[in-house]
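A.B. asks: okay, here's the prediction I keep looking at, along with the sequence it came from:
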Amino acid sequence: MRVVMKWAALLAFFTGCRARPLPPPTVADLHFPVAVIFGNASVVTFASAADLGTMQVGNLNTVTGPPPLIDSRFAVHTLAKLGSTHGVLWLMSHPTGATPVSFELQRAPESGIEVARGLLRLRLDAQTWRTDLDEKRRALAAEQTLAGMVEVVQGRGE
């Protein structure tokens with residue numbers, strides 16, 4: 001009887017001590033400002049949670065999948081189910097305006113400064129018309145802040 005009790009106790013101990021899955025991330029978990037990469041179209045910086053709740057219709061139209069979001073501490077997420085809260089008729093009559101959005105924030109499989117740099121590098125490499133790509137790639141590789149990386153990719157300061 002004692003052996004059975006020991007086995008039952010061990011079984012209960014090991015099955016009850018599994019790592020609990022992390023709760024889904026929320027906008028409150030993000031460190032602002034954040035950057036959202038809208039496919040090959042643009043990289044947009046949002047200064048606050050309120051700013052993240054409104055996006056340009058043109059940016060929403062360019063995404064083919066959940067766009068990546070990078071926060072200031074290089075945590076990478078995706079904006080799953082990103083869409084306007086307005087209906088199609090409103091969007092058709094306001095093709096260049098801003099619209100309130102909804103989305104589900106999901107953790108990306110990997111995060112960190114090098115992952116963020118790689119995502120931004122893809123956006124930079126899509127700018128095939130640039131004559132200074134090698135210089136911008138070196139500048140991106142040297143940058144240590146999200147704001148600095150976004151500036152390099154957006155071509156500011158030229």
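C.D. replies: Looks like it came in fine.

A.B. asks: going by C-alpha atoms from here, please, whenever you check contacts or count neighbours.
C.D. replies: Fine.

A.B. asks: grab the nearest non-local neighbour of D125.
C.D. replies: L133 (7.4 Å; CA to CA, 6 or more residues apart in numbering).

A.B. asks: what does the one you found show for phi and psi?
C.D. replies: The phi/psi pair for L133 (degrees, to the nearest 10) reads phi -60, psi -40.

A.B. asks: now the one 3 residues further on
C.D. replies: Phi and psi for K136, reported as degrees, to the nearest 10, are phi -70, psi -40.

A.B. asks: which residues does it contact?
C.D. replies: 124, 152-153 (CA atoms under 8 Å, 6 or more residues apart in numbering).

A.B. asks: over to R73?
C.D. replies: R73 neighbours (CA under 8 Å, 6+ apart): 31, 112-113, 146.

A.B. asks: show me which of the residues you listed are buried.
C.D. replies: Buried subset of the contacts of R73 (neighbour count, 16 or more other CA atoms under 10 Å): 31, 113, 146.

A.B. asks: ok, back up a step: can you add distance to V101 and give the contacts of K136 back as JSON lines?
C.D. replies: Below are these laid out as JSON lines (distance: CA to CA, whole Å):
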{"residue": "L124", "distance to V101": "26"}
{"residue": "V152", "distance to V101": "27"}
{"residue": "V153", "distance to V101": "25"}
